[in-house]
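Asker: Everything below, folded, please.
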Amino acid sequence: MPEIGWNRPASRCVQLDMEPVLEYLFGTGDGDPTHWHTAADADPDGDGVRNALWLDFDGDGRADDLMWDVDADGVVDVAALDLDDDGTAEACFRDSGNGVWAIPTARPGAGGGDAAPTTPSTPPSTPPPTRVESHDLDGDGVPDVEVIVEGGAVRRLSIDDDHDGTIDQILIDTDGDGVVDDYEEGATGSR
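Answerer: The predicted structure follows:
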């Protein structure tokens, strides 16, 4: 695992694979949404530019849904959901502005004015490269959470609980199954 520094210059995301990074929001509708920055790993319109990312939006355990930047501004516009796991997005939604993807919309390229085909590309057969994401959850300019993603799965989550700039907890998923396998307390030299 690469060695990373927790107290690096304030940035919301450090991208190791150099793919385009997309911004999107998730929220509950109550309070401020959480901002995410993730490398694009899908090319649903087939133009050779990655402008979407695969994830499990509908909770079926499969990364077969897309968060899609249809207008190429670096911000996700459409959540395209494969509800029946047949490889085709049956439902598309836009963000209401507070991170709640609840506004039904036409699929891009299906009469909605966005130039894109109706069927997204197939999820990648090889896992995406390792990436490190740092998130400042309280807006003080210092990362509170650092996530290491390997093979498309969160493998390590480092948390600064008391906002003092040092890591207090580390949750580790050693096999990539989404379940914490190991826990460490306090900062070590590996962050």
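
Asker: Low-confidence ranges, this structure, go.
Answerer: Across the chain, residues meeting the criterion (pLDDT under 70) sit at 1-19, 109-129, 151-153, 177-178, 187-191.

Asker: Can you tell me which residue is spatially central in it?
Answerer: residue 38 (4.4 Å; CA atoms, centre = their mean).

Asker: For that one, list each beta-bridge partner.
Answerer: residue 22 (DSSP bridges).

Asker: Kindly confirm whether my reading is correct that it touches residue 25.
Answerer: No. Using CB atoms under 8 Å, residue 38 is not in contact with residue 25; the gap is 11.9 Å. Where C-beta positions appear, they are placed from N, C-alpha and C, glycine not excepted.

Asker: Can you report how many residues lie near residue 104?
Answerer: Neighbouring residues of residue 104 were enumerated by other CB atoms under 10 Å; the total is 9.

Asker: Now it: which helix or strand?
Answerer: Assignment of secondary structure by DSSP states H and E places residue 104 within strand 101-105.

Asker: List the strands paired with that strand, with their directions.
Answerer: For strand 101-105, the paired strands and their directions (DSSP bridges) are strand 91-95 (antiparallel).

Asker: can you tell me which helix or strand the closest residue to residue 181 other than its chain neighbours belongs to?
Answerer: Setting aside the residues directly before and after it, residue 181 is nearest to residue 174 in space (CB to CB, 6 or more residues apart in numbering), at 4.4 Å. With elements taken from DSSP H and E, nothing contains residue 174; it lies in neither a helix nor a strand.

Asker: what's near enough to touch residue 174?
Answerer: With CB atoms under 8 Å, 6 or more residues apart in numbering as the criterion, the residues that contact residue 174 are 155, 181-182.

Asker: Can you name the helix or strand that residue 157 falls in?
Answerer: When elements are assigned from DSSP H and E, residue 157 belongs to strand 153-159.
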